[in-house]
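J.: Pasted the sequence and its predicted model underneath.
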Amino acid sequence: MATLARKLRLHDYFALAFGTMIGTGWLVLMDDWLGRGGPLGAVLGYVIGGIILLPVGYVYGQWVRRLPDAAGEAAYTAEVFPSIISYFTGWMMLLAYFIVCPWEAVALGKLAAYIFPSLNSLELYRIGDQPVFLPRLALGVALTIFLGVLNYRGIRLSANFQKLMTSAVLLCFLVVLAVSATRGAPANFHPLFSSTPLVSILLTLQIVPYFMTGFESAPKYAEESNPEFREGSYMWAIALALGVGAFFYAMCIAAVTYVAPWQELLGKRFATAIAFETALKARWPVSLIFTMALLGLFQCFNGNFAASTRLLFAFGRRGTIPSSFGGVHQRFQTPYVAVLGVTAGSLAGLFLGDALLVPVTEVGSMASALGWFAACASFWMAEKRAGMRMVTGLGILVSFTLILMKMLPVFPGHFSPAEWMAFGIWVGLGGALHWGRG
């Protein structure tokens, strides 16, 4: 039987995990973030989010050393919970990764249309009040197929592409910070919060799970590590991705609000680019930011695409969905059926257009928090040492709180009926695959 190729090293794991987290949200949704928290509320939301997720990252680092399985959360929970709980835990995490793929495919057309307005032509139909244009749709289809082919032909190709994109994104990020530091003014930060400080931070903290999902993706490639890879390096990859990711988001928000009055950016498409163009009265910062966003889109799409395929492959191999998804290509040593499945699903989601963007953020946050909670709870039950249980308990508390923030109406920004419906559809699809697997 063919097995997955074992070629990944520490820098590959970091690039895959970090790239899964960082896409185009800092450009496409900056006005939403500032509207939720204001500059300081949004910054603190991401900083606090990164800190409180450290215990969750620690649990994943411990789990992957004990159980290097591509099924991730499904494998961890199977150690202590019934199989149906294990399956739906993994299914929730698959949602968290997979839902990003059509999101980024849609975002590509949105980015390109800002630079080339002629792409907003040949309207095909509307979802709600959002039009779907043929040229933008074609761009999303082309990128999805490209990444499908890349991942079909080998993890080495995918990882090299990821490292190239990640390096370029971080380089552009440093340039943006330098420009902001020299051209901005502290007065632009005021007022510091969009509402009361607590509400502002909570509204931002609710979406942090969606945008920080990815640090825990490293274990999904545990079966593809180089034979010389050290087990302890998984923890390094997770910690680096989590720390650098939280810093990236917090500093992007700070950089934008330092160069322009943030309240003038609310409701503006691509507020990040508008802020720098207004401050510098030049077009080149916009080109730099859109280049950075395009590179981020590629890395985020590829990272979530790869993580989704590993989970889908692991489900097929475990027999919890049709076993054909567990197939491995004899020549390329990739989960080729899972790759084809994620490609098809991404193309289907792409046809929903811009109406997909903001609601997806909310549903993805809930799915991520559920997966983190289950992974921490299962480790707490499997681990008997008091010190490690204490850290794990913090992870349980954090992830459970994030779940409650989306479920309970007492919290601002809780799930709307439409988001509950989308969440229910995903659960129903998972049930149909599981019980109809033949």
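T.: Here it is on my side, so go on.
J.: Quick check, F18 in contact with A246.
T.: No. Applying CB atoms under 8 Å as the test, F18 and A246 come out as separate, 11.0 Å apart. All C-beta atoms are positioned from the backbone trio N, CA, C, and that covers glycine.
J.: neighbour count winner among the two?
T.: F18 (28 against 23; other CB atoms under 10 Å).
J.: Let me see the contact set for the spatially closest residue to that one that is not a sequence neighbour.
T.: Setting aside the residues directly before and after it, F18 is nearest to A241 in space (CB to CB, 6 or more residues apart in numbering), at 4.5 Å. Contact analysis of A241 by CB atoms under 8 Å, 6 or more residues apart in numbering lists F14, A17, F18, M21, G214, F215, A218.
J.: do that again at 10 Å, thanks
T.: Going by CB atoms under 10 Å, 6 or more residues apart in numbering, A241 touches 13-22, 57, 212, 214-218, 303.
J.: any idea how far it lies from L147?
T.: Distance from A241 to L147, counting by CB to CB, to the nearest Å: 20 Å.
J.: pLDDT weak spots in the stretch 151-300 of the chain?
T.: Within the stretch 151-300 of the chain, not a single segment meets pLDDT under 70.
J.: Can you show me the helices along it?
T.: Ranges of helices in the stretch 151-300 of the chain, per DSSP state H, counting those that start in this stretch, are 155-183, 197-205, 208-212, 233-259, 271-280, 284-318.
J.: could you say what helices and strands the third one packs with?
T.: Contacts defined by 3 or more CB pairs under 10 Å, 6 or more residues apart in numbering; DSSP states H and E place helix 208-212 against helix 10-21, helix 25-28, helix 30-52, helix 54-66, helix 100-115, helix 233-259, helix 357-382, helix 386-407.
J.: got a list of contacts for the second one?
T.: This points to helix 25-28. Taking CB under 10 Å, 6+ apart as the rule, helix 25-28 contacts 32-33, 100, 103-104, 106-107, 110-111, 114, 173, 176, 207, 210-211, 248-249, 251-253, 255-256, 269-273, 289-290, 292-294, 296-297, 300, 354, 357-358, 361.
J.: Can you tell me which of the residues you listed are classed as buried?
T.: Neighbour-count burial (16 or more other CB atoms under 10 Å) applied to the contacts of helix 25-28 gives 32-33, 100, 103-104, 106-107, 110-111, 114, 173, 176, 207, 210-211, 248-249, 251-253, 255-256, 270-273, 289-290, 292-294, 296-297, 300, 354, 357, 361.
J.: re the thing from before, so what sits against both of F18 and A246?
T.: Common neighbours of F18 and A246 (CB under 10 Å, 6+ apart) are F215.
J.: where's I127 relative to A178, distance?
T.: I127 is 40 Å from A178, by CB to CB.
J.: same deal with W33?
T.: Distance from W33 to A178, by CB to CB: 22 Å.
J.: now stretch 390-397, how far from the centre of its chain.
T.: A distance of 23 Å separates the centroid of the chain from that of stretch 390-397, by CA atoms, centre = their mean, to the nearest Å.
J.: what's the answer for stretch 170-178, then?
T.: Using CA atoms, centre = their mean, the offset of stretch 170-178 from its chain centre is 21 Å.
J.: again, but for stretch 154-174
T.: For stretch 154-174, the distance to the chain centre is 16 Å (CA atoms, centre = their mean).
J.: returning to what we had before: now the helices and strands packed on helix 208-212 in TSV, with distance to L350?
T.: Output for the helices and strands packed on helix 208-212, formatted as TSV (distance: least, CB to CB, whole Å):
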stretch	distance to L350
helix 10-21	19
helix 25-28	15
helix 30-52	21
helix 54-66	30
helix 100-115	5
helix 233-259	25
helix 357-382	12
helix 386-407	25
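J.: Please name whichever of those helices is nearest to L203.
T.: helix 30-52 (4.0 Å; CB to CB).
J.: Output the contacting helices and strands for that closest one.
T.: Partner elements for helix 30-52 (3+ CB pairs under 10 Å, 6+ apart): helix 25-28, helix 197-205, helix 208-212, helix 233-259, helix 271-280, helix 357-382, helix 386-407.
J.: For my notes, please list these in a markdown table and give distance to L134 for each entry.
T.: Below are the helices and strands packed on helix 30-52 laid out as a markdown table (distance: least, CB to CB, whole Å):
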| stretch | distance to L134 |
| --- | --- |
| helix 25-28 | 21 |
| helix 197-205 | 36 |
| helix 208-212 | 29 |
| helix 233-259 | 32 |
| helix 271-280 | 25 |
| helix 357-382 | 19 |
| helix 386-407 | 35 |
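J.: Which of those helices sits closest to S167?
T.: helix 233-259 (12.5 Å).
J.: so the closest one versus helix 155-183, what angle?
T.: Per axes from the mean of the first three to the mean of the last three CA atoms, to 10 degrees, the angle that helix 233-259 makes with helix 155-183 is 30 degrees.
J.: roughly how far out does helix 233-259 sit from the chain middle?
T.: 13 Å.
J.: Likewise for stretch 107-119?
T.: With CA atoms, centre = their mean, you get 22 Å for stretch 107-119.
J.: same thing with stretch 118-137?
T.: Distance, centroid of stretch 118-137 to centroid of chain: 25 Å (CA atoms, centre = their mean).
J.: Thanks a lot, see you next time.
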